[in-house]
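Novice: need a structure here:
(3 chains)
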Amino acid sequence: MKKQKLFSEQHRFKNKSESSKNLPISLKIDRFFSKPIYRKGLDTSTIIFFLLVIVGPVLYIFFSIFLNIPSINEDVFNDELIGDLQWTIILKSLFNSFSIAGLAVCIGILLAFPISIILTRYNFRGKKILDSLIDLPLAVPTGSLGISVLLFWGIFDISPGYNLLLFGHIVFTFPYIVRNMKIVLEKADTLYDDAARTLGAPGFTIFRTITLPLMKEGIIAGAILGFTRSLGETGASIILSGLIDTVPIVIVGFRKQLAIPAASFLAGIMITISILLLFSVKFFTRKVGFPIKKVWPKIEKKLSNLNLRRIRNYLAIFGVVILILIPSFYMLSQLQLFKIGEDMFGKDNKWAFLYVAIMNSIQIAGLAVLITLIFGIPFAFIITRRKWGRAITFLDTILDIPVAIPSAALGFSIFMFWGPQGIGFFSPGFFMILFVHITFTFPYMVRPIIGVLERTNRGVEEAARTLGASSFTVFRKITLPNIKQGIIAGGIMVFTRSLGETGATIVVMGGIRTIPVLIVDWVEASAMSSAIFASFIAVIIGAFLIIILRIIK
Amino acid sequence: MISIPTIDLKNITKTFEEGYVLAVDDISLKIDDGDYVFLLGPSGCGKTTTLRIIAGLETPTHGEVFIDGKNIKGIPPEDRDMGFIFQHFEIFEHMTVWKNVTFGLEMRGYNEDYILEKAEKTLKLVGLLEYADNYPSIFGDPGLQKLGIARAIAIGAKILIMDEPLGSLDPKVSKVFRHEFRNLIKDLGLTAIQVTHNQEQAMAVADKIIVMRAGKILQMGTPYDLYEDPESIFVANFLGETNFLQGFVLKLLENEEMKVWLRLGGPQIICNNLNKKFKLDNNVIIGLRFEDLYIFPKDYPFDSSFYDWSNLQFFQAKLDSSRFIGATKRFYLSLDNGDKFLVVKPGNFEENFIQGDNLIIGIHKDDIHIFEAPKDLLHEISLT
Amino acid sequence: MVNITLKNISKSFKEQVALKNISLEIKDKEYFIILGPTGSGKTTLVKVIAGLVKPDSGEVLFDNKDMTNKPPLERNLGFMFENYALFPHMTIYNNIAYSARVHARDPEITHNIVEQMLLMTLLTGRNDALPEEMSGGMKQRVALCRALMNLEQTKLLILDEPLKALDAGLRMSLRRDLLQMAKSKLLELSVIHITNEENEAMMVADRIAVINHGKLIQVGTPYEIYYQPKTLFVANFMSEINYFEGIGRKNKELSWDIHKKSNQGDIFFEKIHKESIPLPIEIEENITFVSCVQKELYNSITEKDKILLVIRANHMKIRLGNRIDEKHNAITGKISRRKFMGVFYRFEVIINFNDKEKVIIVTIPATSEIHDTFLEDLNVTIYFPKELGIVFMHPGKDEIDKVLRLE
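Specialist: Next comes the predicted model:
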């Protein structure tokens, strides 16, 4: 065997110009855009977009309150006619909102523990269906859920009011809590459980000392998300509240009465509280610990009993079915097909309204997806790839602000920013709805992309670069195919959130209607069967999107 | 004519985290055309960072890199024209085997005929041609790394850079692979640099080894030179297995020799004292390679007609235990002063020793490595 | 005091067979190695012993007591996981003390033991450190302490690839420490240690079980595994080998006395091969090697069967020049590559029989003489003593390929 130089015919490039001579046009374009200056330009414009469209409008409310201190003082606390009635309403609504959100989250967590364990650690028939059913309320407008809950508990003579509100809020906060717990449980390696088992720990002790502490962040994240969603929910609350007021209802009410100073004051309070909550949670999550040092072997061994575990599982599934699943879909059984024809195409011609609302909803959701996508990808890149130190931590934290604050308050703040009282760029209507939706859906787009980007293997990108791919080619041919899933997941989240949003839309809609708003309108006008039909369509769209999401995963 | 080194690093320093972490500390090295060079050192010694600097995946804080005498400062990795092989393969999973191999060729804008020919030839070389249309998910680790190799050499670069390319493979697989790998690189006439923490692997395949520790180069040379003439205790310990015994210089002798007395009344041994480096009463460390020691039963006749024993010096030791480990056999022994040491003989070394036997140990004067006693011997022989 | 018996253990995960009918006995105070490539079922096997995996069929006995269906908490053995599985949310101290707390042992005694362990493992003062703050070697020590804390009357320690995550250099020195710990009078442990590295296995084992594809292939002392491998797989796994295919010619006359003991024989070999008989093996028309064969195998070989002669690379000898007259089992060739490997030199020698080229690997202890004289492209003679040949029935070309490709 002679040592032949198999690649002796190889020719190396003497310089760069020679190498790019024969490049196909697409690679030449890639090389052109790989220049650092374009990347810097993209970064800058993304940050400007983020500050101007996402964060700025939300925080504008404080500026606006500051400008209007005298009129707030006058309207809210010292009105000539009603005195501090508005302040009393505000206080009451704050109490209601916080107590309902707190209770709903507590009940949700209790139910979510066993359910998330069942969904991740057990294997049984119908697991996937149960999983999808629990997720489905995420994709349905809360107004529809509200109707369903109203009709279901109506059977037991529970009429609109505090209790019904609580039941409703449990339904739509639950999926957020379960989801987050499931994610951490899936990530938490059963390896640690195994290790604890070999060290002689019984099941309950393992759960208490190993699994629970490892789930901590997921539980807190889910609880916070559920809490803020409950605080901000408008559509279902309007339907279920009766005479009780929650904060979003009051904001929408003030807005309708054009009590702008009072509305902005309340929105400001809510945004402040939400932001404080967000930051304190981010700060305290690490500090909170579970007592893991002490073990009571006898009691815990008894609690590890198989039968007890079984009873717990059945109870949890029963609870979920009664409290969440049936109330969510009860409405479908009340669909009165024979009445629909008359309702829709009769003298009111409600179909025309519904059709326009569907088109509006889809257009707004579609455009929101497009725009959040365009800016979301570079933003996710900035968060995961740029080494800007503290600036990144800061951007990462404030990215969650639109999610954490109640959408009615957010909508109001944006109305003040872009609307006639602020910049005067838009008046309420299609484009203002679109801007509102872009603002609050942006984090939903960015988070999944950040997730996949953090998980993607940088090594593959480096491999492509050492093989001669310019950084833009690497993005196009290597990174993009790898983060496709995250982008699609983000897109669907944005679409469903946009499709289901009520509170903020009511504040900025002007004469335009979207599906959830139309449903609320019809419920308020006692056109129940039409509202159910509209909800039915919303559920179908939602179910369709959830199925797509599952298939991708 | 003075030949220009293929790769030439001049005073490279690299710090991370705003200067708080010093990964590479002012190193310079030259690699000649066609050499297969290893950067060897424990985890965190800066070897991978050095490699990434050469490939352009990191920018040095100070210093310059020359390739064929040309400073390549500021040239991004895609224009450096080096093949890179990764520890975790970094195969493009969403592309077929064929697409993986042609990726680098397409990036260079070659015409289709050339790409076809070259990719086919390369795949045949690593034995993956029949899988060209499959996705890489059908492969186990060895297959993936073969593809990684094919992908890197297909671009026809003269320099091949490898970051622990065998580190993710089963030890047995990597032991077979490393020889195939070396043969391939030599046949292609490539200049190759490989990073590893596995000294056995480095000894087995390298033309030259650069031993690094804590961001600095300790020694470089051929495996033979490093093994026969380690300049520091760390290198002696890291490459191969060595007994370190403490002692002091008892007497200086003629011919650049000296007599060392091992501590606590241990044996006295005559060693070389080249350039009269050591003075009387200096504390020294004696390094004895496990396999350089001879071992005899107490009543061995030492028949001088059979071998000239005068080159050896002898001392006594007690056998604590022995283990057979296949190709070699290991004897655990202790000296009178309580110091323990090891002797390695071929696996089929004939003996009839029993635990507790007093044995005679022989050593050739030239096989004794002698070092200055460090402040902290434990630190010097710790492998980090 | 614990003897472990496994009887006909089988386990499948969905379609994948992980363990196939494994029976094994592990004696008290034994250092037992389970050796096999990645994915061979080693980890599943010890998880069955620990009770983390329930076998589909078969029995697990501890001192003849059926433990098959007992949960891990009744087995009280120490289990050290690959990558250690230290609880990430607990400090080093709490990790080590976990088992004592779960068993509600006396806190003061526990505290003393843990402090002692930290002292012995050079981790004193790191009580409150979290696992993520520790280096690989430290984590390994903590995991070992944590596992030891769980030992009560069952003094069994299971180590799942305990050295895999460490630097190669560190691995070598830690092998010795592990063995020392296991054999210490204080602990008197039985150890089951999983590894995929043959050197690690040989270095510490009292006995070795080789498994591949979920099947137990051979159990024995390091000597037996090395000198009397049952299959080509075992032979190849323990070191680099060369093989020749041929036919046994029991009655073939050779020019030398094949029954005379060759002076390169091996006394250990004799201990194992009590009754072996030299067998002439015709490799090619004019090339015949002789290898000792176990009596049973010898009797079953006929002239119709193809057989396989395996010689380990380090059992091959090499000599300059191409005179083969006075050497037996010799063949001439040319050094095509040579490489210094520290303790050894490794040569690739190309031999040429009947116009077919074959590469033979030879490794020999490195001396300065070899360094200076055995150069590439020189003609050499390679030979081997008949006592060190290993003979198998020919397993078929595909099987040989598969084994050598390590599949």
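Novice: Need the pLDDT of residue 155.
Specialist: Reading this off chain A. A:Ile155 is assigned 86 on the pLDDT scale.
Novice: nope, chain C please
Specialist: For C:Lys155, pLDDT reads 84.
Novice: Output the below-cut-off pLDDT ranges for the stretch 251-384 of chain B.
Specialist: In the prediction, the stretch 251-384 of chain B carries residues with pLDDT under 70 at positions B:383-384.
Novice: correction: chain C
Specialist: For chain C, the ranges with pLDDT under 70 are C:1, C:262-274, C:324-327.
Novice: Which parts of it are helices?
Specialist: Taking DSSP state H, the helices of chain C run over residues C:42-50, C:92-102, C:107-120, C:136-149, C:168-183, C:198-204, C:222-227, C:232-238, C:267-272, C:295-300, C:368-373, C:397-404.
Novice: now the stretch 451-553 of chain A
Specialist: A:458-466, A:471-474, A:480-500, A:503-508, A:515-524, A:528-552 (DSSP state H, counting those that start in this stretch).
Novice: and these, which is most packed in?
Specialist: helix A:503-508 (a mean of 29; mean count of other Cβ atoms under 10 Å in any protein chain shown). (Glycine included, C-beta is placed from N, CA and C.)
Novice: Ignoring the adjacent residues along the chain, who's closest to the residue of the stretch 401-550 of chain A found nearest chain C?
Specialist: Of all residues in the stretch 401-550 of chain A, the one sitting closest to chain C is A:Glu454 (17.1 Å; Cβ to the nearest Cβ). Distances taken as Cβ to Cβ, 6 or more residues apart in numbering or on different chains put A:Thr384 closest to A:Glu454, at 5.7 Å, once the chain neighbours are dropped.
Novice: Can you get me a residue count around that neighbour?
Specialist: Per other Cβ atoms under 10 Å in any protein chain shown, the neighbour tally for A:Thr384 reads 18.
Novice: Now do the contacts for it.
Specialist: A:Ile450, A:Leu453, A:Glu454 (Cβ atoms under 8 Å, 6 or more residues apart in numbering or on different chains).
Novice: The second one reaches A:Pro378, doesn't it?
Specialist: So that's A:Leu453. No. In this structure, A:Leu453 is not within contact of A:Pro378 by Cβ atoms under 8 Å, at 11.3 Å.
Novice: before we move on, back to that, do you know which of the helices of chain C lies nearest C:Ala330?
Specialist: helix C:368-373 (18.4 Å; Cβ to Cβ).
Novice: Now do the strands in the stretch 51-200 of chain B.
Specialist: All strands of the stretch 51-200 of chain B, identified by DSSP state E, counting those that start in this stretch, fall at B:62-67, B:70-71, B:82-85, B:159-163, B:191-196.
Novice: what about the residue nearest to B:Ile325 when sequence neighbours are not counted, distance to C:Ile192?
Specialist: Nearest non-adjacent residue to B:Ile325, counting by Cβ to Cβ, 6+ apart: C:Met202, 3.7 Å away. Distance, C:Met202 to C:Ile192, by Cβ to Cβ, to the nearest Å: 16 Å.
Novice: out of everything not next to it in sequence, what's closest to B:Ile269?
Specialist: B:Val260 (5.3 Å).
Novice: what do you get for C:Ser190?
Specialist: Closest to C:Ser190 by Cβ to Cβ, 6+ apart is C:Leu156, at 4.9 Å.
Novice: for the contacts of A:Thr384, which one is nearest B:Gly156?
Specialist: Nearest to B:Gly156 among these: A:Leu453, at 32.6 Å, using Cβ to Cβ.
Novice: for the closest one, what are its contacts?
Specialist: A:Leu453 touches A:Ala380, A:Phe381, A:Thr384, A:Arg385, A:Ile483, A:Gly486, counting by Cβ under 8 Å, 6+ apart.
Novice: Phi first, then psi, for A:Arg197.
Specialist: phi -60, psi -40 (degrees, to the nearest 10).
Novice: Run through the residues that contact the residue most central in space within chain C.
Specialist: In chain C, the centroid-proximal residue (Cα atoms, centre = their mean) is C:Glu198; its distance is 3.8 Å. Neighbouring residues of C:Glu198 by Cβ under 8 Å, 6+ apart: B:Pro171, B:Lys172, B:Gly326, C:Leu35, C:Phe237, C:Met238, C:Ser239.
Novice: can we see that at 10 Å?
Specialist: For C:Glu198, the contacting residues are B:171-172, B:175, B:325-327, C:33, C:35, C:208, C:210, C:222, C:225-226, C:234, C:237-239, by Cβ atoms under 10 Å, 6 or more residues apart in numbering or on different chains.
Novice: Would you mind measuring from it to C:Ile208?
Specialist: From C:Glu198 to C:Ile208 the distance is 9 Å (Cβ to Cβ).
Novice: Please name the nearest non-neighbouring residue to residue 199.
Specialist: No chain was given, so I picked chain A. In space, A:Leu199 is closest to C:Ser99, 3.9 Å off (Cβ to Cβ, 6+ apart).
Novice: that's the other chain; I wanted chain C
Specialist: Nearest to C:Asn199 is B:Ile325, by Cβ to Cβ, 6+ apart, at 6.5 Å.
Novice: A:Ile170 now?
Specialist: A:Ile170's closest residue in space is A:Ala104 (Cβ to Cβ, 6+ apart), at 4.8 Å.
Novice: Can you get me a residue count around the one you found?
Specialist: 27.
Novice: Can you name the residue of the stretch 151-300 of chain B nearest chain C?
Specialist: B:Asn198 (3.8 Å).
Novice: Could you tell me which residues make contact with that residue?
Specialist: B:38, B:40, B:164, B:166-167, B:171, B:174, B:178, B:204, C:167-169, C:171.
Novice: Spatially central residue for chain A, please.
Specialist: Central residue of chain A (Cα atoms, centre = their mean): A:Tyr444, at 5.7 Å.
Novice: can you list the residues of chain A near chain C?
Specialist: Neighbours of chain C within chain A, by Cβ under 10 Å from any Cβ of the partner chain: A:1, A:3, A:188-203, A:205-206, A:209-210, A:212-214, A:216, A:289-290, A:292-298, A:300-301, A:304.
Novice: In the stretch 251-400 of chain A, what residue comes closest to chain B?
Specialist: A:Gly389 (8.6 Å).
Novice: so that residue makes contact with B:Glu18?
Specialist: Yes. Using Cβ atoms under 10 Å, A:Gly389 is in contact with B:Glu18, at 8.6 Å.
Novice: The residue in the stretch 201-350 of chain B positioned nearest to chain C: neighbour count?
Specialist: Taking Cβ to the nearest Cβ, chain C has its nearest neighbour within the stretch 201-350 of chain B at B:Ile325, 3.7 Å off. Number of residues near B:Ile325 (other Cβ under 10 Å) recorded here: 21.
Novice: any idea how far chain A is from it?
Specialist: Counting by Cβ to the nearest Cβ, to the nearest Å, the gap from B:Ile325 to chain A is 30 Å.
Novice: That residue: what's it in contact with?
Specialist: B:344, B:347, C:175, C:198-205, C:222, C:226, C:238.
Novice: Are any of those residues buried, and if so which?
Specialist: For these, a burial check counting by 16 or more other Cβ atoms under 10 Å in any protein chain shown picks out B:344, B:347, C:175, C:198-205, C:222, C:226, C:238.
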